[in-house]
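Peer 1: just a sequence and a predicted model for now, questions to come.
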Amino acid sequence: MAVTKADIVDFVSKRLEMPRRRSAEVVESMLEVVKKTVENGEDVLISGFGKFCVRDKNQRRGRNPQTGEDMILRPRKVVTFTCSGVLRDKLNGR
């Protein structure tokens, strides 16, 4: 089961004992900072959690899965996530 933004808002609301509306504003503000930073091509590092990196992908050959037709995929930017060593250790029970 995936965690939704509403789940995060509920958790923040309970954890910080603040109204749900205020915790929704806090979560939205934090996500907006991440989005704007990534849009500007900068990386976002959250200590103890991980790093969102903007990477350039070059033009390459691809294939349309429906028709099998060869095509050229344009160059583009993608966002990747690398988890921190702390989080990785927790995931692996260390």
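Peer 2: Sure thing, it's come through.

Peer 1: helices or strands up against the helix or strand containing Arg21?
Peer 2: Per DSSP states H and E, Arg21 falls inside helix 20-39. Secondary-structure packing of helix 20-39 (3 or more C-beta pairs under 8 Å, 6 or more residues apart in numbering; DSSP states H and E): helix 5-15, strand 44-46, strand 50-57. In short, each C-beta sits where N, CA and C put it, glycine included.

Peer 1: report the angle between the longest one and helix 20-39.
Peer 2: For helix 5-15 against helix 20-39, the angle by axes from the mean of the first three to the mean of the last three C-alpha atoms, to 10 degrees is 120 degrees.

Peer 1: for helix 5-15, buried residues please.
Peer 2: Residues of helix 5-15 classed as buried: 8-9, 12-13 (neighbour count, 16 or more other C-beta atoms under 10 Å).

Peer 1: which elements pack onto it?
Peer 2: Packed next to helix 5-15, using 3+ C-beta pairs under 8 Å, 6+ apart, are helix 20-39.

Peer 1: so in terms of bridging, what pairs with Asp56?
Peer 2: Listed by DSSP bridges, the beta-bridge partners for Asp56 are Lys77.

Peer 1: that one touches Lys77, doesn't it?
Peer 2: Yes: using C-beta atoms under 8 Å, Asp56 makes contact with Lys77 at a distance of 5.8 Å.
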